[in-house]
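K.L.:
What shape does this take:
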Amino acid sequence: MSKEPQRQRMKTELLHIKNMFCYCSKVIVREKLEEKGVEVISISLGRVKITYDSNTFKINEFIPVLKHYGLDLIEDGEKKVISDTKAAVNELIHQLNNVNSIVRKSDYLVERLGMSYQQLSKLFSKHENITLEKYIIIQKVDRIKQLLDSNEYSLSEIAYMMDYSSVQYLSNQFKKTTGITVSQYKNEK
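P.N.:
Numbers count the residues shown, from 1 in each chain. This next block holds a predicted model:
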């Protein structure tokens with residue numbers, strides 16, 4: 001068999017995957033694709049670039065595998081932007097720990113996604129039941145809970161890491177979001 005027909009069967013695609021927000025999901029997606037004989041060129045939160053033989057692998061047949069792990073393929077353009085926005089927020093808050101806290105979250109999202117913050121915010125509100133700002137706050141509070149659970153940092157250090165101007169501001173936002181104070185949260189643990 002000549003190499004030309006085989007090359008024509010090979011396809012390279014960028015897939016957008018819903019709910020792929022952590023390292024574990026990246027590992028699962030890579031593992032399951034490689035089990036199907038698919039070459040994973042690159043993988044990041046919410047995206048995976050693959051090369052595959054179109055005669056042996058069908059993307060639609062892979063969707064049930066994704067769904068089994070709480071993931072899904074995103075085909076709609078606006079939904080891809082929402083997924084990329086969530087991945088960028090997750091990366092900024094949960095992985096980078098706001099290391100570049102001088103850079104505002106809106107600037108980070110604009111640079112990362114190539115759209116104005118107003119466009120992102122409007123699109124986010126259109127497809128989700130909350131605003132982008134509220135989503136960011138919820139992610140920050142989730143990260144604060146993780147940092148509190150680790151017992152590695154003082155509340156002042158957490159406030160600094162999470163880009164709050166004061167411990168009081170962090171505490172107020174925590175209570176407003178969760179319904180309990182930071183002290184109550186710590187005591188429940």
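
K.L.:
Going by C-alpha atoms from here, please, whenever you check contacts or count neighbours.
P.N.:
Will do.

K.L.:
Tell me the helix or strand right after the longest helix anywhere in the chain.
P.N.:
If you go by DSSP state H, the chain has its longest helix at helix 132-150. Scanning forward in sequence from helix 132-150 by DSSP states H and E, the next helix or strand is helix 155-161.

K.L.:
just the helices in this protein please.
P.N.:
For the chain, the helices defined by DSSP H occupy 3-9, 23-35, 59-68, 77-90, 105-113, 117-127, 132-150, 155-161, 167-178, 182-188.

K.L.:
any idea of the mean pLDDT in the longest strand along the chain?
P.N.:
If each strand of the chain is counted by residues according to DSSP state E, the longest one is strand 10-18. Average pLDDT, strand 10-18: 87.

K.L.:
Buried residues, it. List them.
P.N.:
For strand 10-18, burial by neighbour count (16 or more other CA atoms under 10 Å) applies to Leu15, His16, Ile17, Lys18.

K.L.:
So which of those is the closest to Lys189?
P.N.:
Minimum distance to Lys189 across those is 31.4 Å, recorded for Lys18 (CA to CA).

K.L.:
Spatially nearest residue to the closest one, not counting backbone neighbours?
P.N.:
Residue nearest to Lys18 in three dimensions, not counting chain neighbours: Asp72, with 5.0 Å by CA to CA, 6 or more residues apart in numbering.

K.L.:
count of residues packed around the one you found?
P.N.:
Look at Asp72: counted by other CA atoms under 10 Å, it has 19 neighbours.
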